[in-house]
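Q: Below is the structure, and that's it, no one-letter string:
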């Protein structure tokens, strides 16, 4: 089975202009980011690549935890992308995902370790990560904790 995704884009001029993209539920303005000499309007390819990698990783992680029977109280993510500019050549060097996984109160130490293992393996299971592999360094730095038990009322 194959899935087809389409995007329509409009660009209004030269390098430092602005444009729009629309695909599915995403419709936004685009331009080159201000730190890279652009107008900084809307989003940009660097943020969108980071967003694609982060959302794919987060969804993959949530699904893997669920399949393993590990219950979460909360699951949040901070991701960071690093772009190098040398001799006016832009290279997306690396993406680091830092998931914060809060497991349900009473979760065993064994399941905490399983969650840590799943957090690492989910990077390689994500299709965006696989597409970037060999071109962009990818890593995870999970923080895992168990929620405190609530006192009986």
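A: Arrived safely. Everything numeric here is computed off the predicted structure, so don't read it as measured data.

Q: Can you give me the distance of residue 80 to residue 98?
A: According to CB to CB, to the nearest Å, residue 80 and residue 98 sit 8 Å apart. Any C-beta I mention is one placed from the backbone N, CA and C, and that applies to glycine too.

Q: Ignore what I typed, I meant residue 143.
A: For residue 143 relative to residue 98 (CB to CB), the value is 7 Å.

Q: Surely residue 132 and residue 95 touch.
A: Yes: applying CB atoms under 8 Å, one finds residue 132 in contact with residue 95, separated by 7.4 Å.

Q: More neighbours: which of these two?
A: Comparing residue 132 with residue 95 by other CB atoms under 10 Å, the one with more neighbours is residue 95, at 24 against 19.

Q: Can you tell me which residue sits nearest the middle of this structure?
A: Centroid-nearest residue in the chain: residue 54, 0.5 Å away (criterion: CA atoms, centre = their mean).

Q: Where does that residue sit, in terms of helix or strand?
A: Using DSSP states H and E, residue 54 falls within helix 45-67.

Q: Give me the distance from that helix to the chain's centre.
A: Distance of helix 45-67 from its chain centroid, counting by CA atoms, centre = their mean, to the nearest Å, is 4 Å.

Q: picking up where we left off before, relative to residue 144, how far out is the residue lying closest to the residue nearest to the centre of the chain once chain neighbours are set aside?
A: Counting by CB to CB, 6 or more residues apart in numbering, residue 54 lies nearest to residue 79, which is 4.0 Å off, once chain neighbours are set aside. Distance, residue 79 to residue 144, using CB to CB: 17 Å.

Q: What of residue 103?
A: For residue 103, the distance to residue 144 equals 7 Å [CB to CB].

Q: what touches both of the two?
A: Common contacts of residue 103 and residue 144 (CB atoms under 8 Å, 6 or more residues apart in numbering): 112, 115.

Q: mind listing the helices for the protein?
A: For the chain, applying DSSP state H gives helices covering 45-67, 109-125, 127-132.

Q: Dump these to TSV, plus distance to residue 88.
A: Putting these into TSV (distance: least, CB to CB, whole Å) gives the following:
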stretch	distance to residue 88
helix 45-67	16
helix 109-125	31
helix 127-132	23
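
Q: Export these as TSV, with columns for mean pLDDT and distance to residue 18.
A: Shown next, in TSV, are the helices of the chain (pLDDT from 0 to 100; distance: least, CB to CB, whole Å):
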stretch	mean pLDDT	distance to residue 18
helix 45-67	97	14
helix 109-125	96	33
helix 127-132	94	26
